[in-house]
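Colleague: Following is a predicted model, sequence given first.
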Amino acid sequence: MSERIADLVSRMTAAEKLGQLQIIFRPNHDDAAALVRRGIGSMFWPPSATATNALQREAVENTRLGIPLLIGLDVIHGQRTIAPVPLAQAASFDPAMVEELAALAAREARSGGVNWTFSPMVDVSRDPRWGRVVEGFGEDVLLNAALGAAMVRGYQGDDLAAATSIAATAKHFVAYGQPEGGRDYNTVDVSDHRLRNVHLEPFRAVVAAGAASVMASFNTVAGVPVHADRRLLTGILKDEWGFDGVVVGDADGVANLVPHRVATDLDDAVALAYGAGIDIEMGGTPESIGWGAERLDSARLDDAVRRVLSLKERLGLFETPYVDPDAEITEPSSESRALVRAAAARSAVLLRNDGTLPLGAPRRMLLTGPYATSTDHLGAWTQYFGARSVSIADELAAQHPEIVVTVLPGVGFVEDDADDIGGVIAAVPGHDVVVVCVGEPSSFSGEAASRSDLRLPGRQAELIRAVAAAGVPVVVVMANGRPLVVADWIDQAPAVLEVWHGGTEAPAAIVDLLFGVAEPAGRLPMSFPRAVGQIPIHYDHENTGRPATTRGSLRLTTTDVAVEGPANVAEKFTSKYLDLDLGPQFPFGHGSGYATFAYGEPRLSASVIGVDGSVELTVEVTNTSTRTGDEVVQVFLEDLVASVAPPVRRLVAFARRTLAPGETSTFSFAIGPAQLGFRLTDGTLAVEPGNVVLHVGPTLAATRPVPLRVTPPPLPH
Ligand code: GLC
């Protein structure tokens, strides 16, 4: 702790200390100025150099100690230039790109006086009914950890005091991504084994990457609301991991302890929360925060104040509380547009392709579906952005004036009388290709936006089926913020491009992808279920004692299904549904590209290692096409026997690389305790002796195995 902070803490009154431990979100300007003069030490505020400077001036010049403000905002995937939503960025399997996008967002936000973002979200989420899957990096632990750490590096850079850095917040600690029923804010009850090996792991990685703050989650874990859970906030996060940053409550998360029915009133909630390890309470209004400092333990109060003041000091706010209005970035630049356009293309996933993509040189195109003309590509979490996107139709006209494009949306996002599928079908003849642009509007995902039915909204599926039967090549472009159930049309659509909500330049990226100017190479960060009834569904599931192995499930028919004979009995008593095929529609890691690649046999530098040993895994990949393209190599671990039921597969490494036509590149991965081990419930990393298999390939369905034996440690002499 610096002398400045020690001196300040020694001079602060209890009320001034408590003021440093609160942030009010969305006050109006007059309230904000009055609250700052009253001692509130942090504020939500939009990026505006003039307005944030004015607010900082209130703190620096009109309070007794002149402590500058933390100015926080949800800069989730861009500020003025909007990047693809985080779930889309996850599909890129490209940490370097994620870091670059976060650095862009930090430059733009800090230039407007925002110095603290509530991002990255690293909630492992396996339930696409939950609308917030859009904000995170999907179902896999490693992908959340790697991309969350990349985002922290991008936001914070090497020096938080730099004019291009903002403090990152890892959220929502913890296990928020597994709410019962997929309903936001709902109960979470997970075992310590799953807590340690799934939900805590990405936070451990992001804290290790230096995240300046961590946000507590709204949910309970095993009956305890996280905002009041000392075991998690202090025991694990601060004591076990040594986190010395700031733990901020979620919006009204402290006040919510009353409806959680673990606190009698707001003062009780405040005492519980700070006692558990909350350092800054986030309240919606001056009335919804606790003002009673006298009930708080003074040592805990001082610890929280020191953490907050240290963050302000690391941000350089005591020396430079103001930003330069002449340097403020208020609009996307050509460079930032180019960056997010490339990112949107790298985040797209080619789900199916019968060769229709990339399009050749159609003379006449019929563009249909609600996303033909919608400009809603920015996603669920954008505030105070610089420019809305255009539409796919606009972009086609701008990029390809040579093509005669008939634009007929045909249906909207919700079913209504204006639907005109008949009119679209009548227009098909004479066109070389039909591009059906479907999806979910941004408002259908995000916070408090859970859905119980994951099919395309409205009559979009009906439109796809009708167009697919019209006898002209069809391409489906899907823009959505979560995995969807596509079983009601996917078999009729031989070319499907998942483009998510791709941000400011999404339509340009989509047109680039359609014509092969950009290459799709993304992989699904979340499984696409066949039906909502399968949820939760994720690739790293346990094998169970009775795994179903054959494709066929027994189908309910109009007559009773008689199950006879030993084969059927063996098949019958296994873990499956009577009325649904096995496995997801598309698994985690699914995706392909226009270029094609061939794999050599994966090799290990040793086939036997000790429990603390490491080995190098290499595999040669060749671009066997005439197109330059990216390949994503995935490495999955299969632990054959362990002391606890292991997942059937677990992603332990991945890499994305561009290969020229005919080029062969050697991918190399270090495999050691971090890849082979799993967490015990006390947090220890355990590597157990035994046989494992490493599966290497472009997707789960196309891996090649290489065995590895892990030997026990030598017996003590
Ligand atoms: C919201 C979200 C959280 C966000 C905060 C501030 O309720 O849960 O992710 O950072 O409030 O907007």
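Modeller: Structure's in. What do you need? Worth saying up front: this structure is predicted, and the values here are computed from it rather than measured.

Colleague: C-alpha only now, for contacts and for neighbours.
Modeller: OK.

Colleague: Tell me the residues of this structure that contact the ligand?
Modeller: Residues of the chain lying close to the ligand by Cα under 6 Å from any ligand atom are 74, 118, 250, 251.

Colleague: closest to residue 494 among these?
Modeller: Within the residues of the chain next to the ligand, the smallest distance to residue 494 is 38.6 Å, found for residue 74 (Cα to Cα).

Colleague: What count of nearby residues applies to the closest one?
Modeller: 20 (other Cα atoms under 10 Å).

Colleague: Spell out the residue ranges of the strands in the stretch 501-650 of the chain.
Modeller: Assignment of strands within the stretch 501-650 of the chain using DSSP state E, counting those that start in this stretch yields the ranges 597-599, 603-604, 608-610, 615-623, 629-639, 650-659.

Colleague: Just name the most buried of these.
Modeller: Ranked by mean neighbour count, these are led by strand 629-639 with a mean of 23 (mean count of other Cα atoms under 10 Å).

Colleague: how far off strand 650-659 does it point, in degrees?
Modeller: Put simply, strand 629-639 runs at 160 degrees to strand 650-659, going by axes from the mean of the first three to the mean of the last three Cα atoms, to 10 degrees.

Colleague: ok, now how distant is the residue nearest the centre of the chain from residue 198?
Modeller: Note on the chain: the residue nearest the mean C-alpha position is residue 136, at 1.7 Å, using Cα atoms, centre = their mean. Distance of residue 136 to residue 198, given as Cα to Cα, to the nearest Å: 14 Å.

Colleague: got it, and residue 65?
Modeller: With distances taken as Cα to Cα, residue 65 is found 44 Å from residue 198.

Colleague: follow-up on the earlier one: got any residues that touch both of residue 136 and residue 198?
Modeller: residue 124 (Cα atoms under 8 Å, 6 or more residues apart in numbering).

Colleague: Next secondary structure element downstream of the one helix or strand residue 155 maps to?
Modeller: Element membership for residue 155 (DSSP states H and E) is helix 141-156. Counting by DSSP H and E, the next helix or strand C-terminal to helix 141-156 is strand 169-173.

Colleague: Apart from its neighbours in sequence, what residue is nearest the closest residue to the ligand within the stretch 601-717 of the chain?
Modeller: Going by Cα to the nearest ligand atom, the ligand is nearest to residue 683 of the stretch 601-717 of the chain, at 26.2 Å. Excluding its sequence neighbours, the residue lying closest to residue 683 (Cα to Cα, 6 or more residues apart in numbering) is residue 196, at 6.6 Å.

Colleague: Number of residues surrounding that neighbour?
Modeller: By other Cα under 10 Å, neighbour count at residue 196 equals 21.

Colleague: Which residues are in contact with it?
Modeller: By Cα under 8 Å, 6+ apart, the neighbours of residue 196 are 679, 680, 681, 683.

Colleague: rerun at 10 Å
Modeller: 190, 202, 204, 678, 679, 680, 681, 682, 683, 684, 685 (Cα atoms under 10 Å, 6 or more residues apart in numbering).

Colleague: Out of the residues you listed, give me the one that has the most neighbours.
Modeller: Highest neighbour count within those: residue 202, with 30 neighbours (other Cα under 10 Å).

Colleague: now the nearest residue to it once chain neighbours are set aside: how far from residue 77?
Modeller: Excluding its sequence neighbours, the residue lying closest to residue 202 (Cα to Cα, 6+ apart) is residue 145, at 4.0 Å. Distance from residue 145 to residue 77, counting by Cα to Cα: 17 Å.

Colleague: Who has more neighbours out of these two?
Modeller: residue 77 (28 against 24).

Colleague: Might one say that the more buried one is in contact with residue 154?
Modeller: No. With contact defined as Cα atoms under 10 Å, residue 77 and residue 154 do not form a contacting pair (11.7 Å).

Colleague: Give the intersection of the neighbour lists for these two.
Modeller: The contact sets of residue 77 and residue 154 overlap at 98, 101, 102, 104, 105 (Cα under 10 Å, 6+ apart).

Colleague: Which of the residues you listed fall in helices?
Modeller: Counting by DSSP state H, the part of these found in helices is 98, 101, 102, 104, 105.

Colleague: got a pLDDT number for residue 256?
Modeller: If you check residue 256, the pLDDT there is 97.

Colleague: for the residue nearest to residue 202, what are its contacts?
Modeller: 122-124, 137, 151, 200-207, 209.

Colleague: Identify, from the residues you listed, the entry nearest to residue 57.
Modeller: residue 151 (30.4 Å).

Colleague: so what pLDDT did the closest residue to that closest one other than its chain neighbours get?
Modeller: In space, residue 151 comes closest to residue 99 once its chain neighbours are excluded; the distance is 4.9 Å by Cα to Cα, 6+ apart. pLDDT, residue 99: 98.
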